[in-house]
Each structure stands twice: as C-alpha cells, then as structure tokens.
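1. here are the coordinates; sequence isn't available:
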C-alpha cells in the first residue's frame, strides 16, 4: 500500500452490484437449501410417498429461484440483453458455469415439483393438462431427484463462488464464502420449507420429518457461526488491505446490519426462542414461525452485509 | 557375465532413449513465436503531465462517448487549483507541487475482467492482445466492473454495455494511428508503442527509465506503466 504512485478514484461511480444481487443470492440460497434438505431426508429415509415437507420444499424452491431470476434479469443494465448470457459462454467465468447449472436446475426443479404435487394437481381441474405429462415422465423421477440434489448444492455454493471471484474486495474474496453460503442457504431454506409445510400442507409440528429438521438446524447454525468467525479472523490477521476491511464489522451502517440482523435476529433470537422460553411455547406453531422468520431475516442481512460492506471496503 | 551384459544393454537403451527424448525437449521453444506478437504498452510520465485534460477530451471525441463519461480520468494528487483544496495537505493555498495521475484501464496481461466475463464480450483482441469489448455480446451484468481491481471499467449509458480504454484499438490503431490521448498530449506525458519491438521508442524508454505498475500485488501485470515524480524532501 506504500507504492510510489497510486490512484484512488474510479470510473464506475458507485457500487457495481447493488441490492437486487443480494436478493438474488438470498433467493438462490433458499431454493437450493430447501431442496437439498428435503432430498437428503427423502434419500436418507428412503421415502417413496410425497411427504408434506417434500411438497413444501419443491414449491418453495421453484418459487424462490424464479423470483431470483427476475432480480437477476432486472439488475442487468438492459434486461433485454438477457439472452446474450444464454447464447454466449465463457467457461473460465463462474457466472457462465452458474448459468449452465441453472439451465439444468430450473427445469428439473419444475419437473420434480410436478411429481411431488401430483395429488394437488389432480384436485385442480384447470391443471389437469399436466397429468399426462407427469404420467409420461414418471420414469425420470428418481434420476431427476438425484440430479437436482447435486445441482441444488451447486447452486447454493455457486452464489458464493460467483462473488468470491471479485479480487478487489477482501471481505468477498475469501474461500470460506461458498461454504458460508451453503450453510446459510441450508438453514434458511429449511426454515422456509418448514413454515410452508406446516402452514400450507398441514404437516404436524412434531412429525418424524420435522424432528430430523429440528435436530439438523443447530449443527448447521454452528457451522454458519464458525464460517463467519473464520472470515472475520482471516481479515483481522491478514495483510493491510484485509485489516482495513475488518473495520466493516465495527464501523458504519453495515456493522449495524451485521450485529443486529445477522447475529441478533439470525442467531441469538432463534436460540432464545427455543431454549429460554417455556416448553409449551417453544414447541408451539408460533415459535416455529417466529424462529423461521428470524432465520430468513438473518440470512438476508448476511447477504446484504457481505455484498455492501464487501464492496465498500475495497482495497 | 550376464550381469555385464545387462548393464551394457541398459546403457545402450539409456543412450538411445536420450537421443530420442532430448530433441523432444528442445523442440518446445515455440514461445519465441508468441513473443513476436506485439505487446502494446502505454507509459504515463507524471513529471510531464500538467493536468490540462486534453487527453480526456480527445478520447471522448474519438470514441464517441456520451456526455460526462470518459474512458480516462485525471486524479489530482497534490497542488492547489485556485479555490480548491489541495488533496495532499488539505489547505486551499499551498506550495505543494501539482501532481496528476492517469486513471484508466490498465490493460492487464492477466485481466480479471476477461476471465470473469460470462459471454466473452470482454476479450483480448487476437492480433494485438489488447483487452477490448465486443459490444454485441455484452449482457450488462457488471461482473467485469466488480472484478477490475482498478475500478477502471464503466457502463456506457448510450449503449448499455461495459466500456474500457482499449488504446483506441478500433478508432485509431486499426488505421495505423496513435491513440487519441497520446496524439493530443502537448507535453509528451504519454508514450505508446510495442514493448516487444526492441527498436520502438517505448521499449528504449522502459530500458532506461524506472517505471512502476499500479497495485502490483494483484498480479494482473498491467501494460500501463507510470513514471512517478520521486523528488523527496526539499
């Protein structure tokens, strides 16, 4: 940093990637996370029926990835140029690899959602045109689910790799970011799918599936905390540029987002809701919704913090 | 006896195989060919720049850039302009020497924008090796802008695609002319040429003058070099 010559101004005038990208990272994380967890449980327990949790996860995943794509397209300088990303590829680019993954992921998610929602589709006469399609493609269900599990994890991780390729930003340019995004995607995805399963598909609060999920939540959260701690420590003990970026954790508005949003709402609140309240409350549907919302808000704050604080603290 | 024969055969094989392998190793000198390719570099001499801004105006005009946008900027690092605060000492009136720095695409040999671009719109021109844009491929995702360690890329509001200084590749170089900024500089603060050509002025200059690169720690190997003012003390 003590070069004999340096310049500090830039030509781009502002932040290259604003909030829609954070929202996209958020939706893609939830989509991949929800489906990964649901398919893990399905394969692990060798389930063959359409469980309420699988239905919820499929629906959540399809809706969130679609919303994410909308964010992505509208963040382009000119959304009408969107087709160019689909036509031209550069396999050195993380984004291009991600587009290939999403090209396979989105249709496959739609397909396994069709299979999972078969009963619901039968009940709605307007959707009966889908039934012959389901019948014809039924043989593809098992391979599609396996492929989606791999792709869902890839989509989660890809959002981390996508931005960690930006070498100018010490907070973003870290190898732990993809792992952090997978962990936070899993926890928020599971939280959303759980809420949808209980709210829409009438899953019982203490069914075996839900018990597995409750058990899985805490180790995932612990991993998330560990990854954030690793990120902070690598900045704290890094070179001059990294050390100056460490200030993001204790100065400015984004430090507030981090401590209140990520730590307070994302980690402390669910812990308090589950362990500091009476058993009657912590086992109620109200507690489930509240801690679920906390996980979602915490995850959104994490993406916003990483993206904005990351870009503000450039080298 | 048999031991001796084995050894002899072994040595024979060794000799024969070395005859076959050695020329293979020598034939891998193809790099000579690629170094015949030009490596265009620009040198900014801070000792000569007075901050007149002619380079910027010439660039805007030549490359048809929209109002208020430019592929290059001049950052004033010290020295007062009437009524403005000196960026170095913070006073409105000071004796600091006026220093300017050219801010523009550094034309990296190892360019992050090219690696990161999902469509190949930000690419390296095959003939010249200059990093330039294929506007018909750019989707406007701004990945290159975030990836550039020098913040030297921007969105051209007229075309909605990313833009960068490409040494006037399509507007001037293709006609055999010098980049517009170099042509317009009255003080010879900008020198441009092929560093791979030992007879070019720029390679002679780089041989005798100390020059530095911006943010070398990123390992991007910029082709834009700077000759800083290095006077120290009084």
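-> It's in. Here the structure is a predicted model, which means the values were calculated and not measured.
2. now the helices for the chain?
-> You didn't pick a chain, so chain A it is. A:19-44, A:52-75, A:83-87, A:94-116, A:118-123, A:131-137, A:141-164, A:177-199, A:208-236, A:240-245, A:253-256, A:269-275, A:279-282, A:285-312 (DSSP state H).
3. actually, chain B is the one I wanted.
-> B:2-26, B:31-35, B:54-62, B:112-116, B:143-147, B:180-184, B:201-208.
4. what residue ranges in chain A score low on pLDDT?
-> A:1-3 (pLDDT under 70).
5. residues from it in reach of chain B?
-> A:3-13, A:16-17, A:75-78, A:81-82, A:84-85, A:87-90, A:92-96, A:99, A:163, A:165-169, A:311, A:314-315 (Cβ under 8 Å from any Cβ of the partner chain). Yep, even glycine has a C-beta here, placed from its N, CA and C like the rest.
6. quick revisit: out of the helices of chain A, the one nearest residue B:77 is which?
-> helix A:240-245 (19.9 Å; Cβ to Cβ).
7. show me what the closest one is packed up against.
-> With contacts taken as 3 or more Cβ pairs under 8 Å, 6 or more residues apart in numbering or on different chains; DSSP states H and E, helix A:240-245 sits against helix A:208-236.
8. and the helix it packs on with helix A:52-75, angle?
-> 40 degrees (axes from the mean of the first three to the mean of the last three Cα atoms, to 10 degrees).
9. helix A:208-236 packs against which elements?
-> Under the contact criterion of 3+ Cβ pairs under 8 Å, 6+ apart, helix A:208-236 touches helix A:19-44, helix A:52-75, helix A:177-199, helix A:240-245.
10. buried residues, it. List them.
-> Within helix A:208-236, the residues that count as buried by 16 or more other Cβ atoms under 10 Å in any protein chain shown are A:209-210, A:212-214, A:216-217, A:220-221, A:223-225, A:227-228, A:231, A:234-235.
11. before we move on, back to that, in a markdown table: the helices of chain A, plus distance to residue B:39.
-> Output for the helices of chain A, formatted as a markdown table (distance: least, Cβ to Cβ, whole Å):
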| stretch | distance to residue B:39 |
| --- | --- |
| helix A:19-44 | 35 |
| helix A:52-75 | 36 |
| helix A:83-87 | 30 |
| helix A:94-116 | 27 |
| helix A:118-123 | 62 |
| helix A:131-137 | 55 |
| helix A:141-164 | 30 |
| helix A:177-199 | 35 |
| helix A:208-236 | 36 |
| helix A:240-245 | 29 |
| helix A:253-256 | 41 |
| helix A:269-275 | 57 |
| helix A:279-282 | 67 |
| helix A:285-312 | 32 |
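12. closest to residue B:111 out of the ones you listed?
-> helix A:94-116 (15.5 Å).
13. got the buried residues for the closest one?
-> A:94-99, A:101-102, A:105-106, A:108-109, A:111-116.
14. and residue A:80, what does it touch?
-> For residue A:80, the contact set (Cβ atoms under 8 Å, 6 or more residues apart in numbering or on different chains) is empty.
15. returning to what we had before: as JSON lines, the helices of chain B with distance to chain A would be great.
-> JSON lines is the format used below for these (distance: least, Cβ to the nearest Cβ, whole Å):
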{"stretch": "helix B:2-26", "distance to chain A": "30"}
{"stretch": "helix B:31-35", "distance to chain A": "19"}
{"stretch": "helix B:54-62", "distance to chain A": "12"}
{"stretch": "helix B:112-116", "distance to chain A": "5"}
{"stretch": "helix B:143-147", "distance to chain A": "4"}
{"stretch": "helix B:180-184", "distance to chain A": "14"}
{"stretch": "helix B:201-208", "distance to chain A": "16"}
